[in-house]
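Asker: Have a look at this fold, sequence not included:
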């Protein structure tokens with residue numbers, strides 16, 4: 001049994017409706033009313049054509065068809081009468097065309113606004129997802145949600161509005177044609193509708209499959225492009241361009257062919273039905289001419305039906321295209337549905353340093369307290385950290401050292417509030433950090449992080465140091481001070497445009513050490529209470545590292561610093577060094593204490609990646 005496609009799709013479109021704001025819903029209602037007015041205009045167009053054609057064929061008979069109005073027009077000269085009716089018909093056509101233009105303009109503008117809203121919701125939802133979520137999702141997949149999948153859903157919105165607008169026109173126009181010639185037009189309407197329903201029924205499964213192929217292969221082609229460009233140095237050295245080109249061509253071609261297949265299934269029925277319509281009109285004309293019924297008497301009706309059928313075909317085809325597009329884009333809608341209409345950060349606001357200050361200003365207990373803290377990345381995975389108990393006081397310099405995989409970076413992510421302990425707790429000044437979201441957000445405003453790989457945007461030095469701050473709100477005095485303390489000011493000020501000089505995409509024009517110092521300057525610009533350096537100096541030479549560490553050590557003791565380092569010389573002057581081993585703390589002490597008493601620390605000192613004679 002055939003189902004009405006549009007009605008059967010309504011349930012799957014609920015996420016779109018939920019995602020719409022009240023304002024957009026009101027605009028949709030206004031568009032529907034406007035489409036009804038445009039549909040009545042199309043009917044009026046046909047209604048004005050019929051008497052005009054009758055008057056052209058037989059003036060006396062044509063006037064009879066106008067009723068009382070025809071009696072009042074009999075006194076006019078035939079030429080003036082024809083001119084008046086012709087101008088009246090032209091006026092109706094102009095008004096109808098303007099209504100259609102206005103409807104299409106409103107439809108496209110509204111679909112663009114809704115598409116913009118959806119894209120913003122998806123990007124907002126992704127940005128506010130927990131750090132653990134980002135660790136588990138490939139960046140190319142996430143970009144696919146924001147780009148191609150959102151574009152496909154935008155196409156669905158356009159398709160949906162097209163169906164909404166054109167369905168009213170199809171319904172009223174087809175109804176008026178059936179009234180003019182009930183038997184003939186009812187048969188033709190049933191044929192047209194049946195043809196499109198059958199075509200959709202035969203292609204719906206393939207449309208869904210093509211839609212899935214389109215989104216999957218787009219994401220894969222994007223991933224290949226990201227990997228090739230991200231590792232361009234190795235690609236050029238190893239001459240592996242053909243590997244990336246082959247994979248990109250494979251996925252990109254599949255993506256393009258899937259798109260073409262969708263368009264073919266949506267467009268081909270139009271040309272078939274147009275050909276059938278022309279054949280039907282010719283057949284009816286030949287029948288009337290050969291049956292001796294007087295084709296000249298039927299010409300007005302025939303002309304009206306021909307124009308009506310022609311005006312009916314376009315909105316009918318657009319309805320079919322819209323329903324086909326909805327079916328093909330269902331895969332993308334399913335992907336981004338979890339990110340629509342949901343506020344992932346209810347009542348959340350940006351916390352200023354002034355607002356965050358009371359959390360740590362009068363801290364009477366330890367600044368940070370690990371209490372039997374455990375953590376695992378997945379429920380069925382083993383613990384990465386086991387029963388960590390550690391106190392860090394305000395102003396202290398603490399180092400975390402250990403082999404790769406010992407849990408150092410996981411500890412820093414827990415301290416920064418990016419991860420939530422699986423068991424145990426982390427307290428800030430005696431307050432359980434994860435009691436409320438507000439407390440976590442307040443704490444994040446008080447911490448700064450310098451990772452091993454610094455992400456730089458293709459913007460100026462000043463914009464990269466004041467990362468995420470609108471350009472009009474940048475404090476350039478603080479930027480210069482931060483750059484000076486990070487030992488990067490000389491490089492910046494010697495560049496052509498100083499702090500306004502562009503650094504290039506991902507800082508490609510800078511050396512590794514310069515990028516790291518930009519990252520340190522960025523952290524210092526934030527004026528945070530806690531600074532976490534996660535292998536931040538590993539790319540620096542010994543001399544530069546020594547200068548940066550001297551600058552860091554000279555900072556106010558109100559600033560607490562946690563250093564994760566591979567070179568033990570980096571942490572020699574720390575107040576305490578915490579040795580991590582297989583997710584546990586194996587020793588805590590000063591550099592000299594651990595060098596004398598802890599065998600694990602001695603082994604670290606002897607390993608090449610950590611060893612650096614002062």
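Answerer: Structure's in. What do you need? Here the structure is a predicted model, which means the values were calculated and not measured. Numbers count the residues shown, from 1 in each chain.
Asker: Checking my notes, residue 588 in a strand, right?
Answerer: Yes. With DSSP: H, G, I helix; E, B strand; the rest coil as the criterion, residue 588 is located in a strand.
Asker: so where does the nearest residue in space to it that is not next to it in sequence fall, helix or strand?
Answerer: Nearest non-adjacent residue to residue 588, counting by Cβ to Cβ, 6 or more residues apart in numbering: residue 578, 5.2 Å away. Where you see a C-beta, it was placed from the backbone N, CA and C, and this is true even at glycine. Using DSSP states H and E, residue 578 falls within strand 576-581.
Asker: ok, that strand: who's next to it in the sheet?
Answerer: strand 397-402 (parallel), strand 584-589 (antiparallel) (DSSP bridges).
Asker: pLDDT averaged over that strand - what is it?
Answerer: Across strand 576-581, the average pLDDT comes to 90.
Asker: With stretch 434-444 instead?
Answerer: 85.
Asker: For it, buried residues please.
Answerer: Using 16 or more other Cβ atoms under 10 Å as the test for burial, stretch 434-444 gives 434, 439-444.
Asker: List the contacts of stretch 108-116.
Answerer: 20, 24, 27-28, 31, 150, 153-154, 157-158, 161 (Cβ atoms under 8 Å, 6 or more residues apart in numbering).
Asker: Pick out whichever of the residues you listed sits closest to residue 133.
Answerer: residue 150 (18.0 Å; Cβ to Cβ).
Asker: what's the pLDDT at that closest one?
Answerer: For residue 150, pLDDT reads 83.
Asker: Contacts only, for it.
Answerer: Residue 150 sits in contact with 115, 118-119, 122, 332, 336, where contact means Cβ under 8 Å, 6+ apart.
Asker: Just those residues: which are in helices?
Answerer: 115, 118-119, 122, 332, 336 (DSSP state H).
Asker: which among the residues you listed gets closest to residue 408?
Answerer: Using Cβ to Cβ, those come closest to residue 408 at residue 122, 34.0 Å.
Asker: Now for that closest one, how many residues are close by?
Answerer: Residue 122 has 23 neighbouring residues, counting by other Cβ atoms under 10 Å.
Asker: likewise residue 509?
Answerer: Around residue 509 there are 14 residues (other Cβ under 10 Å).
Asker: what about the residue nearest to it when sequence neighbours are not counted, distance to residue 248?
Answerer: Nearest residue to residue 509 in three dimensions, chain neighbours excluded: residue 503, at 6.1 Å (Cβ to Cβ, 6+ apart). Per Cβ to Cβ, to the nearest Å, residue 503 is found 28 Å from residue 248.
Asker: Those two: which is more packed in?
Answerer: Neighbours were counted for residue 503 and for residue 248 using other Cβ under 10 Å; residue 503 has more, 22 against 18.
Asker: which ones are touching the more buried one?
Answerer: Counting by Cβ under 8 Å, 6+ apart, residue 503 has contacts 456-461, 464, 509-510, 518.
Asker: who wins for neighbours among the residues you listed?
Answerer: residue 461 (27 neighbours).
Asker: On the pLDDT front, check it for me.
Answerer: On the pLDDT scale, residue 461 gets 90.
Asker: Isn't it up against residue 494?
Answerer: No. Counting by Cβ atoms under 8 Å, residue 461 stays clear of residue 494, with 11.4 Å between them.
Asker: For the stretch 151-300 of the chain, give me the ranges with low pLDDT.
Answerer: Within the stretch 151-300 of the chain, the segments meeting pLDDT under 70 span 184, 233, 237-238, 274, 277, 281, 284-300.
Asker: what ranges do the helices span in it?
Answerer: Taking DSSP state H, counting those that start in this stretch as the test, the helices found in the stretch 151-300 of the chain are 182-230, 232-238, 241-290, 295-328.
Asker: Same list, those helices, but as TSV with distance to residue 42 please.
Answerer: Listed next are the helices of the stretch 151-300 of the chain as TSV, based on distance: least, Cβ to Cβ, whole Å:
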stretch	distance to residue 42
helix 182-230	15
helix 232-238	57
helix 241-290	17
helix 295-328	6
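Asker: Tell me which of the ones you listed approaches residue 429 most closely.
Answerer: Closest among the helices of the stretch 151-300 of the chain, once you apply Cβ to Cβ, is helix 182-230, at 40.4 Å.
Asker: name the helices or strands packed onto that closest one?
Answerer: Contacts defined by 3 or more Cβ pairs under 8 Å, 6 or more residues apart in numbering; DSSP states H and E place helix 182-230 against helix 5-9, helix 139-144, helix 150-180, helix 241-290, helix 295-328, helix 330-336.
Asker: that older thread, pull the residues that contact the strand holding residue 578.
Answerer: 390, 396-403, 406-408, 411, 571, 585-591, 594, 598, 600-601, 604.
Asker: same check, this time on stretch 243-254
Answerer: 213, 217-218, 220-221, 224-225, 227-228, 235.
Asker: between those residues, which has the most around it?
Answerer: Neighbour max across the contacts of stretch 243-254 (other Cβ under 10 Å) = residue 218, 25 neighbours.
Asker: show me the contacts for it.
Answerer: 144, 148, 251, 255.
Asker: which one of these sits closest to residue 473?
Answerer: Nearest member of the contacts of residue 218 to residue 473, counting by Cβ to Cβ, is residue 144, at 32.5 Å.
Asker: looking at it, that closest one is touching residue 219, isn't it?
Answerer: Yes. Using Cβ under 8 Å, residue 144 is in contact with residue 219, at 3.9 Å.
Asker: rewinding a little: redo the buried residues of stretch 434-444 as CSV? Include distance to residue 385 and secondary structure.
Answerer: Listed next are the buried residues of stretch 434-444 as CSV, based on distance: Cβ to Cβ, whole Å; DSSP: H, G, I helix; E, B strand; the rest coil:
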residue, distance to residue 385, secondary structure
434, 15, coil
439, 21, helix
440, 19, helix
441, 24, helix
442, 24, helix
443, 19, helix
444, 20, helix
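Asker: what's the distance between the residue nearest to the spatial centre of the chain and residue 332?
Answerer: Nearest to the mean C-alpha position of the chain, by Cα atoms, centre = their mean, lies residue 146 at 2.2 Å. Using Cβ to Cβ, we find residue 146 at a distance of 12 Å from residue 332.
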